[in-house]
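S.K.: After the sequence you'll find the predicted model.
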Amino acid sequence: MRIHRSMFRLILRRPWMLPDLILLAWVTRARDWYRRPPFLPLPPDSYLRWRMETAYGDGDAEPTVSEVARYLSWARRMRRRS
């Protein structure tokens, strides 16, 4: 899905955000990720489509690198508060 490309571009531009991105992938991973190729703990495409639909009104929307970076920064701040 296109969102994976946005995250890949983010890590190329801001490698210090890799731990936050790994944590996001782990928290949103599919339950049976280890049973299906590509055997990576990634979120299900249906979940990503739903998130894009609720955020942008289009399930096929692709967030920009800066939007993904802002979200990861926000999530990090929220984790520190709890």
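M.R.: That came in fine, so what should we check first?
S.K.: report the longest helix in this structure, please.
M.R.: helix 65-81 (DSSP state H).
S.K.: That one - contacts with which helices or strands?
M.R.: Helix 65-81 sits against helix 2-13, helix 18-27, with contacts defined as 3 or more CB pairs under 8 Å, 6 or more residues apart in numbering; DSSP states H and E. Placement of C-beta: from N, CA and C, glycine included.
S.K.: Checking residue 41 next. Helix, strand or coil?
M.R.: Put simply, residue 41 is coil when judged by DSSP: H, G, I helix; E, B strand; the rest coil.
S.K.: now residue 59
M.R.: At residue 59 the chain is in coil, as set by three-state DSSP.
S.K.: Now do the same contact list for it.
M.R.: Residue 59 sits next to 49, 50, 52, 53 when contact means CB atoms under 8 Å, 6 or more residues apart in numbering.
S.K.: contacting residues around residue 76?
M.R.: residue 20.
S.K.: Tell me where the protein is predicted with low confidence.
M.R.: Filtered on pLDDT under 70, the chain yields the residue ranges 1-3.
S.K.: Tell me what angle the longest helix of the chain forms with helix 2-13.
M.R.: Taking axes from the mean of the first three to the mean of the last three CA atoms, to 10 degrees, one finds helix 65-81 and helix 2-13 inclined to each other by 80 degrees.
S.K.: Buried residues in helix 65-81, which are they?
M.R.: Neighbour counts using 16 or more other CB atoms under 10 Å place 65, 68, 69, 72 of helix 65-81 among the buried residues.
S.K.: a markdown table for those residues, including distance to residue 81?
M.R.: Shown next, in a markdown table, are the buried residues of helix 65-81 (distance: CB to CB, whole Å):
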| residue | distance to residue 81 |
| --- | --- |
| 65 | 25 |
| 68 | 21 |
| 69 | 19 |
| 72 | 15 |
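S.K.: Which of those sits closest to residue 14?
M.R.: residue 69 (6.1 Å; CB to CB).
S.K.: wait, doesn't that closest one sit right on residue 17?
M.R.: Yes. In this structure, residue 69 is within contact of residue 17 by CB atoms under 8 Å, at 6.4 Å.
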